[in-house]
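[1] Give me the fold of what follows.
(one chain, ligands or ions: 3)
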Amino acid sequence: MTQIPVEIADNAQFYIQIRQAVLAAQHSSRQVGLLMIDIEAGEPSFRDGDGLSNGMREKAFALVSGTLRESDVLCRISGAEAAVLLSSLRKTEDALLVAEKILRELDQLLHLESRAVNLRPQIGVALFPNHGSSASTLLECADIALKTARRNKQRYVLYSEEFSRSPRPPLRLSALRQAIVQDQLFPLYQPKIDLKNDSITGLEVLTRWRHPEFGLIMPDEFIPLSERTGLIVPLTLWVLNASINQCRRWRDQGINTSIAVNLSMWNLDTPELPDQVAALLNSTGVPASQLELEITESAIMDDPQRAMRTLKAIRDLGVRFAIDDFGTGYSSLAYLRKLPVSSIKIDKSFTQNMESDNDSAVIVRAIIDLGHNLGLKVVAEGVETLGAREMLTDFDCDEAQGYYFSRPVTAPDITRFMENAQTSSAQNGPIENVASGWALENAGEVPTAIKPPL
Ligand code: C2E
Ligand code: CA
Ligand code: CA
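    Ligands and ions are numbered 1, 2, ... in the order given. As a prediction, the model looks like this:
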C-alpha cells in the first residue's frame, strides 16, 4: 500500500473545499462525490468497550487517506467518523469504487486487531449534481445514506431521494401475505464450515423480503409479524419449498450440500408439517439427510410434549434437527437428552464476546463439552474473526458459521463458490480457507438486483 500524505481538513476548511469543488464542477461535466465513513460501525450491543484503540483509529485514518488521490480531501468528523471529498469524478461508479476500496482496506486492518472487535465499517455516498448543489445538502445526503446503510446492514449505500421520505409505516399483514404469494421473499444461504478441514458442511437458509415500496426488509422485522399472525406457517412452507428446490438444482449440478431451514414455535404446532416436509422431499428427490431444521430451545420448551411429537415424526423421515441460539433460552438438560436433535448451535452473543470476555469463553467451552458428552455436533455461530476461529478450534468445536467465513449470499454466489472450490480441491486438496472466498461476502448480503443503482 502506498501512503499519500492526504491533508486532513478541519470541518470549516472541509465545508469550504466542498463548495469550491461544486463551483468548479458546475463548469465541467465532472461530478463531486462525498463519502461519509463510519470506521467503527458494528453491533453496538457487542461492542468491545470503546471500539478501536487510539493507535488503530489513527491507522484506520491513515489507511483511508492511503486510498485517495492528492486532489481528494479527508476530514475527521468525529472520533470514528470521517468524510472524504472526491472533487472531480467522471462517473458515479468511480465514487462507489473508492468506497469499496476503502472498505477493503479497513477490513484488512480489523483482521489485524489483536482484540475482539465486531466492527463493519460502512459508507454513505452522495454526489453533486444528482443529490444536491450545496455543501450542507451534500453532507446531509451522505449522512442519510450512511444511516440507511446502517439500517439495512449494507456496506455502502448511494443516496437516493426515497431515503428522505417520511419513515416507513409499520409493515402490514396483507403486504406480508402478498409477499409470500408473489415471491417477494428470497432466500440467502450462509455456509457452515468444518473446522477440521475447512470444507462447507451445509448452508443455513436466511430469508429476506424485497418489498416493492420499501426495499430490503430483514427477517428480524417480518418474522415476528408473521409469528404474531400465524403467517409463519405458509412462510415456512415457502422457505422450505424454495430452498429444497434449490437443493435439487444444486444436486443436478453435482453440488451435494445440505441446507438448514429455521422453524418457529408455531411450526411445531402444525400437525401437517411432517407430511408437508415428506411431500417436498419426495417430489424433488432430495434425500432427507440433506435437510436440517433449526429450532430454538424456547420453541421446544413452550410445549415440550407437542414439540416432541412433531420432531419425532420429522426425524423418522431422516431429517436432522439442530437447536438454535443455544445458551440463551431456558432449557432443561434432562429434556435435551431426550430430544431427537443431532447438533447444537452456540448463540452468537457468546462467540462474539469470547475473545474479550473470559466468562463467554468459559460458556462456549462448556457448551462444546456438554454437546460432545451428549453425542451432539457443536456449531458456533457469529464467528467474525480469525481469533474466534482459532479459539473454537482449540476448544474442539466441530463447525463454525459467521462473517469471517462468509455473509449470507445468494444461490448463484454459492454455486460459483462451490464450482471453484471443486476445481481447486481437485487440484490442490481441501479448500484452502473459505475466508479467502471473501468475494462471497462482497457479492452477498444484498443481491445485485436490489443494490443501489450504479
Ligand atoms: P438465526 O437463525 O440465529 O440466524 C443467524 C443470524 O445471524 C442471521 O441473521 C445471520 O445473517 C446473522 N449472522 C451470521 N453470521 C454472523 C456474524 O458473524 N455476525 C453477526 N453479527 N451476525 C451474523 P438474519 O439473516 O438477519 O436472521 C435473523 C433471524 O431471523 C435468524 O436468526 C432467524 O431466527 C430468523 N430467520 C431468518 N430467516 C428465517 C426463516 O426463513 N424462518 C424463520 N422462522 N426464521 C428466520
Ligand atoms: Ca438459525
Ligand atoms: Ca442462531
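
[2] Phi, psi for the closest residue to ligand 1 within the chain please.
    Closest approach between the chain and ligand 1, counting by Cβ to the nearest ligand atom: Gly402, at 3.1 Å. No exception for glycine: its C-beta is placed from N, CA and C like everyone else's. With angles defined as degrees, to the nearest 10, Gly402 sits at phi 160, psi 170.

[3] now swap in Val98 and tell me
    Residue torsions, per degrees, to the nearest 10, at Val98 are phi -60, psi -40.

[4] same check, this time on Arg172
    According to degrees, to the nearest 10, Arg172 has phi -100, psi 150.

[5] Go ahead and confirm Ile300 touches Leu268.
    Yes. With contact defined as Cβ atoms under 8 Å, Ile300 reaches Leu268; the gap is 7.3 Å.

[6] can you list residues touching both of these two?
    307, 311 (Cβ atoms under 8 Å, 6 or more residues apart in numbering).

[7] in terms of contact, does the residue of the chain closest to ligand 1 touch Leu386 like I think?
    No. In this structure, Gly402 is not within contact of Leu386 by Cβ under 8 Å, at 11.3 Å.

[8] Skipping adjacent residues, who's closest to the residue of the chain closest to ligand 1 in space?
    Val383 (3.3 Å; Cβ to Cβ, 6 or more residues apart in numbering).

[9] again, but for Ser136
    Spatial nearest neighbour of Ser136, excluding adjacent residues (Cβ to Cβ, 6+ apart): Tyr15 at 7.9 Å.

[10] so who does that neighbour touch?
    135-136, 139.

[11] Filter those down to the buried ones and express that as a PyMOL selection.
    To isolate the buried ones among the contacts of Tyr15 in PyMOL, judged by 16 or more other Cβ atoms under 10 Å, type:
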select buried, resi 135+139
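
[12] just to revisit the earlier point, quick one: the residue of the chain closest to ligand 1 from Ala388, how far?
    Noted for Gly402: a distance of 8 Å to Ala388, by Cβ to Cβ, to the nearest Å.

[13] cool, and Arg168?
    34 Å.

[14] Could I get the full set of strands for the stretch 201-350 of the chain?
    215-217, 259-262, 291-296, 320-326, 343-346 (DSSP state E, counting those that start in this stretch).

[15] what's the most buried one of the ones you listed?
    Neighbour counts (mean count of other Cβ atoms under 10 Å) averaged over each of the strands of the stretch 201-350 of the chain peak at strand 343-346, with a mean of 27.

[16] who in this structure is up against ligand 1?
    By Cβ under 6 Å from any ligand atom, the residues of the chain that approach ligand 1 are 43, 190, 206-207, 218-220, 223, 236, 239, 262, 264, 294, 324-325, 348, 381-384, 401-403, 408.

[17] out of these, which touch ligand 3?
    324-325, 381 (Cβ under 5 Å from the ion).

[18] out of those residues, which touch ligand 2?
    Near ligand 2, by the rule Cβ under 5 Å from the ion, you find Asp324 out of these.

[19] Tell me the one among the ones next to ligand 3 among the residues of the chain next to ligand 1 nearest to ligand 2.
    Closest to ligand 2 out of these is Asp324 (4.2 Å), distances taken as Cβ to the ion.
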